[in-house]
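Asker: Give me a 3D structure for the following:
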Amino acid sequence: MIERMKLHQWNEIAREEMSPLFTRQVIHSDTMTLAKLVIKKGCIVPLHSHPNEQLSYIESGSLLFKIDGQEILVKGGEVLQIPSNVPHSAEAMEDSTATDLFSPPRQDWITGDDAYLRK
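Answerer: Coordinates of the predicted model:
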């Protein structure tokens, strides 16, 4: 068995309620962060940026992202790539589930310095 291999099961990972409209489950590795998000219609993730490159896979529902003065609607089955240090926000247009991948790991999430998400 490879020493660093680890099996994660979403049903065993704590759900963190960031607000009444937004919950997340998070796995951190040495080089990335993986998050499973449940975002209710009307939830707004305020404008923010981070040094992490982000891939946001919308599993179901839709999110309206605002990035660099542009709006882009990302629907179930689509993936949005957000470069590092680019300010962005998002609004859930309907109840949605998403999986976000960040590289490098989200240090602000590890330390709990993510107040912009907590309401």
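Asker: is it true that residue 54 touches residue 85?
Answerer: No - using C-beta atoms under 8 Å, residue 54 is not in contact with residue 85; the gap is 10.8 Å. C-betas here are computed from N, CA, C, even on glycine.
Asker: Among these two, which residue is more densely surrounded?
Answerer: The residue with more neighbours, out of residue 54 and residue 85, is residue 54; 19 against 10, by other C-beta atoms under 10 Å.
Asker: where does that one land on pLDDT?
Answerer: Residue 54 is assigned 98 on the pLDDT scale.
Asker: residue ranges for the helices of this protein, please.
Answerer: Ranges of helices in the chain, per DSSP state H, are 107-111.
Asker: low pLDDT regions in it?
Answerer: Scanning the chain for pLDDT under 70 picks out 1-3.
Asker: who are the neighbours in contact with the most centrally placed residue in it?
Answerer: Residue closest to the mean C-alpha point of the chain, counted by C-alpha atoms, centre = their mean, is residue 100 at 4.2 Å. Shown in contact with residue 100 (C-beta atoms under 8 Å, 6 or more residues apart in numbering): 33, 34, 35, 37, 54, 55, 56, 57.
Asker: Likewise for residue 55?
Answerer: 79, 80, 81, 82, 100, 101.
Asker: try 10 Å this time
Answerer: 32, 34, 79, 80, 81, 82, 99, 100, 101, 102, 103 (C-beta atoms under 10 Å, 6 or more residues apart in numbering).
Asker: what's the answer for residue 67, then?
Answerer: By C-beta under 10 Å, 6+ apart, the neighbours of residue 67 are 47, 80, 82, 83, 86, 87, 88, 89, 90.
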